[in-house]
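Visitor: generate a structure from the sequence data that follows.
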Amino acid sequence: VAAALLVWNSNVIQRGSAAVTVEGETYSAAEVSYYYHNAYNSIVNSKYASLYGINKNTALSQQNLNDTAKMMLGVSEDMTWDAYFRDAAKKSLIQLTMLKKGAAEKGMTFNDDMQKEVDSTVETFSTYAKKAGYSTSAYLKLMYGNNMTMSTFKSILKDTLLASHYQQDYIDSLTYTDEEVETYYNEHKNNFDVADYEYIYFKGTADSTKDADGNTVKPTDEENAAAKEKAIADADAALKLYQAGDPLETVSLAYENAAYSNTEAGSNSGDEASEWLFDESRADGDSTVITTDSGSRVLVFHSAGRQEYASRDVRHILFRADTTGLDSKSETYEADLQAAKDAAKAKAEDALAQWKAGDATEDSFAAMANELSEDGGSNTNGGLYTKVLKGQMVTEFNDWLFDESRQSGDTGVVYGESSNYAGYHVMYFVGDDVPCWQVQVENTLRSRDTEAWQKGLSDSAEVVELSGMKHVG
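Guide: Below you'll find the predicted structure:
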């Protein structure tokens, strides 16, 4: 009995229990739990987490989705969060299975490049675990449930990568003629056109105050009404000053409660201001005042239309700062972090120097990227990113790439930082590509067609729940 209890407490039986079959392929409770927790983590770590209303201290089986969550997630019936995440896990496994099936039919198999991606992901995960103060094994259980082990995690990563590569292969096969792109754009201009305009915003609500005890006192209806009336009056006066010849930014300086902004690529949100800005009769310099419940805006129009600037193609080699083992609470943390960054910079500069000392071609740069880059998204295709748009990459990468003086063949080393890395990029500018608006339209068409393709795959799948589902969660 003691031996049986020990085995049970180790979760060996639970995690190995068959929980779901999809098209005859069986998935264990541990595998289903991975996707269950993936769905859970995406909800509780999103910027809208508070709106979903999940209480982390209450069992998910005892919490129903609130009305806001149902609306945001497209759920029509009442259900518990546990049921929602179980359903989400099954949907993920259906898609995974059908993509793997498609890969097999096409003869696509797991290869060394994919293994390189798995190893990189595991290494990154281990780094996160150490930063959080956990062993890799403990962090896996924290993130994906008590059923998760490293061997299961790696197996899931392999399946996911194979499916992902097959899906990307399908997406890459989707091409559209210039006529198809132009037609779709003309039918959906509001989704792609942007406006260049300036505005001054005058807040139309009163501020809250504090009483003698430090408690927040909300403004009265009368105070809000007075604030709105003042915002309207100030906006009307500011509009007259602009129309008399003063620059809008200069006009804003005359008002303490004015907030000036210059927007070069504002999207069409369908509100009253957008209707005015995107009116085809609008001309450069046109101005007006738009008032809503929250305040009044003085708008000055400059131009509107699709974004014609050229997207760009670039190759890069990423050297991450190795922060493994660094303790953020240590007195020497800042110095240790800087040392790690300096080491990455030295590697980047040395790589660029070696490339320049060789034949210094795009092909040799691509070969070096495959050998040295720590960017899992491009270190198997020569570090190449095509049709990159402004704002798509981290700031330093973006600024270098879209420098107006940039010429094909230019190289350089830039520092870059995102939520999951800090490091240096060795850059190689390939050249300009198609206009921004065309990339946006093509991406929209691909997303539409890929979604329809995936739905077609999933709709035909046969799914059976098994007894192991009771160990999921």
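Visitor: residue 59 - nearest residue in space that isn't next to it in sequence?
Guide: Closest residue in space to residue 59, ignoring its immediate chain neighbours: residue 82 at 7.5 Å, by CB to CB, 6 or more residues apart in numbering. All C-beta atoms are positioned from the backbone trio N, CA, C, and that covers glycine.
Visitor: what is the helix or strand containing the one you found packed up against?
Guide: Applying DSSP states H and E as the criterion places residue 82 in helix 81-106. Under the contact definition 3 or more CB pairs under 8 Å, 6 or more residues apart in numbering; DSSP states H and E, helix 81-106 sits against strand 18-22, helix 29-44, helix 150-173, helix 436-459, strand 463-465.
Visitor: just to revisit the earlier point, now do the contacts for the residue nearest to residue 59.
Guide: By CB atoms under 8 Å, 6 or more residues apart in numbering, residue 82 lies in contact with 59-61, 63, 473.
Visitor: make a markdown table from those and add pLDDT to it.
Guide: Formatted as a markdown table, the contacts of residue 82 follow (pLDDT from 0 to 100):
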| residue | pLDDT |
| --- | --- |
| 59 | 93 |
| 60 | 94 |
| 61 | 94 |
| 63 | 93 |
| 473 | 82 |
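Visitor: related to what we said a few turns ago, okay, the helices and strands packed on helix 81-106 in TSV with mean pLDDT, distance to residue 323 and mean neighbour count next?
Guide: Compiled in TSV, these are given as follows (pLDDT from 0 to 100; distance: least, CB to CB, whole Å; neighbours: other CB atoms under 10 Å):
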stretch	mean pLDDT	distance to residue 323	mean neighbour count
strand 18-22	89	37	22
helix 29-44	93	22	22
helix 150-173	93	21	16
helix 436-459	94	33	16
strand 463-465	90	42	13
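Visitor: quick check: the residue nearest to residue 450 when sequence neighbours are not counted vs residue 455, distance?
Guide: Excluding its sequence neighbours, the residue lying closest to residue 450 (CB to CB, 6+ apart) is residue 171, at 5.6 Å. According to CB to CB, to the nearest Å, residue 171 and residue 455 sit 15 Å apart.
Visitor: in which helix or strand would I find residue 326?
Guide: Going by DSSP H and E, residue 326 is not in any helix or strand.
Visitor: my guess is it meets residue 336, correct?
Guide: Yes: in this structure residue 326 lies within contact range of residue 336 using CB atoms under 8 Å: 5.3 Å.
Visitor: now the residue nearest the centre of the chain: phi and psi?
Guide: Centroid check for the chain by CA atoms, centre = their mean gives residue 392 as the closest residue, at 9.9 Å. Here is the backbone geometry of residue 392 (degrees, to the nearest 10): phi -80, psi -40.
Visitor: wait, it sits on residue 401?
Guide: No: in this structure, residue 392 is not within contact of residue 401 by CB under 8 Å, at 9.2 Å.
Visitor: coming back round to it: just the buried ones from the contacts of residue 82?
Guide: 60, 63, 473 (16 or more other CB atoms under 10 Å).
Visitor: list just the nearest of these to residue 448.
Guide: Of all those, the one with the least separation from residue 448 (CB to CB) is residue 60, at 33.2 Å.
Visitor: any chance you could map the strands in this structure?
Guide: 18-22, 25-28, 194-203, 209-210, 216-217, 258-267, 287-291, 295-305, 310-320, 384-388, 411-418, 421-435, 463-465 (DSSP state E).
Visitor: what angle do the helix holding residue 82 and helix 436-459 make?
Guide: Inter-element angle recorded for helix 81-106 and helix 436-459: 100 degrees (by axes from the mean of the first three to the mean of the last three CA atoms, to 10 degrees).
Visitor: hmm, back to that, which residue packs closest to the residue nearest to the centre of the chain, ignoring adjacent ones?
Guide: Per CB to CB, 6+ apart, closest to residue 392 is residue 398, 7.1 Å.
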